[in-house]
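J.: Need a 3D model of the sequence below.
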Amino acid sequence: MPLRGCPVEALIREHGMGPRAGQGPVGSSRCIPESRSVCKRDLIKNLRGIAELYPNHIWKEDYLLFPMSNKVLSAEDQQNLSLEFEKVEETVGRAVHEQFERLSEQLAQIA
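T.: Sure, this is the predicted structure:
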């Protein structure tokens, strides 16, 4: 059954957009010196896209998804979900943090 019009549908779509949005700045940071002004323009555009995506996405999670989930998940379900989130954060969190550190270093080189 499709989730059309449901906040969850929008969140799923945005979760798919997030990694693509994050790749834009990475690509812009690999610029050759001869095209520095184009790279800076692209980098600014990509970062603005990320800045527009995430605050709205986080709001949807905090004020739509999580309150909805509190109504349908038992305390045990929520505890299990929390443990699974912690596992993902341990695994993915470190890698993502390291990726952003490398990106920051690359951006500093083209600034």
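
J.: which residues of this protein fall in helices?
T.: Assigned by DSSP state H, the chain shows helices spanning 7-29, 36-60, 66-72, 75-88, 94-110.

J.: List the residue ranges of this structure that fall below the pLDDT cut-off.
T.: Residues of the chain meeting the criterion pLDDT under 70: 1-5, 18-36, 97, 104, 107-111.

J.: go with 80
T.: Applying pLDDT under 80 to the chain picks out residues 1-8, 15-54, 89, 92-111.

J.: Export the helices of the chain as TSV, with columns for mean neighbour count.
T.: Yep, even glycine has a C-beta here, placed from its N, CA and C like the rest. Compiled in TSV, the helices of the chain are given as follows (neighbours: other CB atoms under 10 Å):
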stretch	mean neighbour count
helix 7-29	14
helix 36-60	14
helix 66-72	10
helix 75-88	10
helix 94-110	12
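
J.: I figured Leu11 hits Trp59, correct?
T.: No - contact between Leu11 and Trp59 fails when scored by CB atoms under 8 Å: they sit 10.7 Å apart.
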